[in-house]
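In: Based on what follows, work out the 3D shape:
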Amino acid sequence: MKILISGHNGFLGKHLRRKLKSLTSPIIIDFLTKSDFDSQDQLTKKIGSEDIIFHFAGVNRDNTPEIVFEKNKLINNSLCKALDSNDFKGKLIFTSSIQESLSNSYGKSKKEARLNFEKQSKKLGYKFYGILTPNVFGPFCKPNYNSFISTFSKMLIDGESPRIIEDKEISLIYVS
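Out: Numbering: from 1, shown residues only. Next up, the predicted model:
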């Protein structure tokens, strides 16, 4: 069995890599890198028709919201093309975000990708799992980057006073 991971150096990808390496069953783990996504031919060659793909890669911050949207669209469209080219029949696990329900560029790009993969999976006949991930936290989260829990904790440790923008209940998932 071959498992491919995009976003393998990100928070979720690193935790998945650690878990997969601890398994004793014979699996091949490979990574879809930025250079793979920069070359449609390279990306297509790396994916086998029966692989399992964990697609975590994405952009959550950049200079403008429009750039966030466009970069995510490019990443996801490249993967769609590669799956089409390979007549993909494996499994695709895509992490989206509960931000899909918001009107921000990140959420919009994630929702568009999830819907496109869902539609494509019906056409090609592969198994698709679109996961709407809540706010993540756990070991190795980066303050001011991928977890407000991490940012909040760091501020408290540094003696700063966190600012609560909106007091409301939130969904969380702990990843380790």
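In: contacts for stretch 166-176?
Out: Applying C-beta atoms under 8 Å, 6 or more residues apart in numbering, the contact partners of stretch 166-176 are Phe11, Leu12, His15, Ile98, Thr133, Pro134, Asn135, Val136, Phe137, Gly138, Pro139, Ile149. The C-beta positions use only the backbone N, C-alpha and C, and glycine is treated the same way.
In: change it to 7 Å
Out: Leu12, His15, Ile98, Thr133, Pro134, Asn135, Val136, Phe137, Gly138, Pro139 (C-beta atoms under 7 Å, 6 or more residues apart in numbering).
In: now that stretch: how far from the chain's centre is it?
Out: 18 Å (C-alpha atoms, centre = their mean, to the nearest Å).
In: Tell me the buried residues in that stretch?
Out: For stretch 166-176, the neighbour count (16 or more other C-beta atoms under 10 Å) marks Val175 as buried.
In: so how far is the first residue of that stretch from its last?
Out: Using C-alpha to C-alpha, to the nearest Å, the end-to-end distance of stretch 166-176 comes out at 27 Å.
In: And the helices in this structure?
Out: 11-21, 34-38, 40-46, 65-85, 105-124, 148-157 (DSSP state H).
In: can you put the ones you listed in CSV and add mean pLDDT?
Out: Converted to CSV, these look like this (pLDDT from 0 to 100):
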stretch, mean pLDDT
helix 11-21, 93
helix 34-38, 96
helix 40-46, 97
helix 65-85, 97
helix 105-124, 97
helix 148-157, 92
